[in-house]
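Trainee: sequence isn't available, so here's the structure alone:
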């Protein structure tokens, strides 16, 4: 992510118009930043900083960032599919994304997979997760 985009996301040196946040993040995303893609996903998924909420667009950005190796984005995609947030619930696809993130070293994803397996073994609702990071709690 570019230094400017990081400053804007933290609320430093905010510009007069919210659309400039998206402008800088898109520039960083176009330059190949998976972090910028993930942040665009958060803005759209949650409707933050003047961006209209659009779950589909948010998930699209998360998937692009996940395909580039961003583990937070992978976690978010997996959580969305496991919980049916913005998409039809698909446990297989959700588990695929969480495993991909865990295999890349993301401890939150490994923990979520462990909780899923434990809950399934107990016969409970395995789709719920603790450590609600889905949609960008941890950035």
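Mentor: Now that the structure is in, tell me what you want to look at. Every value quoted in this text rests on a predicted model; they were computed, and no experiment measured them.
Trainee: quick check, pLDDT for residue 16.
Mentor: Note on residue 16: pLDDT of 53.
Trainee: now stretch 66-73: buried residues?
Mentor: For stretch 66-73, a neighbour-count test (16 or more other Cβ atoms under 10 Å) marks 66, 68, 70, 71, 72, 73 as buried. No exception for glycine: its C-beta is placed from N, CA and C like everyone else's.
Trainee: also stretch 112-122?
Mentor: Across stretch 112-122, burial judged by 16+ other Cβ under 10 Å covers 112, 113, 116, 119.
Trainee: in a markdown table: the residues you listed, plus distance to residue 101.
Mentor: Formatted as a markdown table, those follow (distance: Cβ to Cβ, whole Å):
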| residue | distance to residue 101 |
| --- | --- |
| 112 | 9 |
| 113 | 9 |
| 116 | 13 |
| 119 | 18 |
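Trainee: helix or strand right after the helix or strand hosting residue 66?
Mentor: Assigned by DSSP states H and E, residue 66 belongs to helix 55-67. Next helix or strand after helix 55-67 toward the C-terminus (DSSP H and E): helix 71-83.
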